[in-house]
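# I'll drop the sequence and a predicted model, then ask my questions.
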Amino acid sequence: MTETNSLSPAYLQTCRDALAQEQAASLAATNGWEHVDRDQVHADWDEIYRELAQDLEQRNPQNDATQDLIHRHYQIACRFYTPSKEAYIGMALFYRENEDMRMFHNGYHQDLVEFLVPAITTYAQHRL
């Protein structure tokens, strides 16, 4: 399993920095993402999180079914801007490290964030 603990602290910081830099540039270039239909984005992410949470205990972050759901997640993120591999890993770290984001995601399942981190990291390392 691709866990972030197998990645160096320096690389993880690069991922956090990439997320912050890419989001800031995108926000500035798009007038705060005014082009994004936020209601649709939230509905689409809600659907994915519900699917993941439904059978989370039986899921493997690396299997094809999970990675297909993470691909859908990435495609939704791309409605804002196209995150690099590092920024997408940074997004997973943000979900884990930001209290509000952790609480939001874990509202679907108490272990969703800890599942999303390796699932997103796997996706980013193998598909981006």
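Good, I have the coordinates. Residues are numbered from 1 along each chain as shown.
# going forward, measure contacts between C-alpha atoms and count neighbours the same way
Fine.
# Where do the helices of this structure begin and end?
9-29, 38-54, 64-77, 85-97, 99-106, 112-127 (DSSP state H).
# May I see the buried residues of the third one?
The reference is to helix 64-77. Across helix 64-77, burial judged by 16 or more other Cα atoms under 10 Å covers 66-67, 69-71, 73-74, 76-77.
# could those go into TSV alongside distance to Arg16 and pLDDT?
Compiled in TSV, those are given as follows (distance: Cα to Cα, whole Å; pLDDT from 0 to 100):
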residue	distance to Arg16	pLDDT
Thr66	23	92
Gln67	22	94
Leu69	23	93
Ile70	19	96
His71	20	96
His73	18	94
Tyr74	17	96
Ile76	19	93
Ala77	16	92
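# check contacts around Ala124.
85-86, 88-89 (Cα atoms under 8 Å, 6 or more residues apart in numbering).
# any idea how far it lies from Gly32?
Distance check for Ala124 against Gly32: by Cα to Cα, to the nearest Å, it reads 25 Å.
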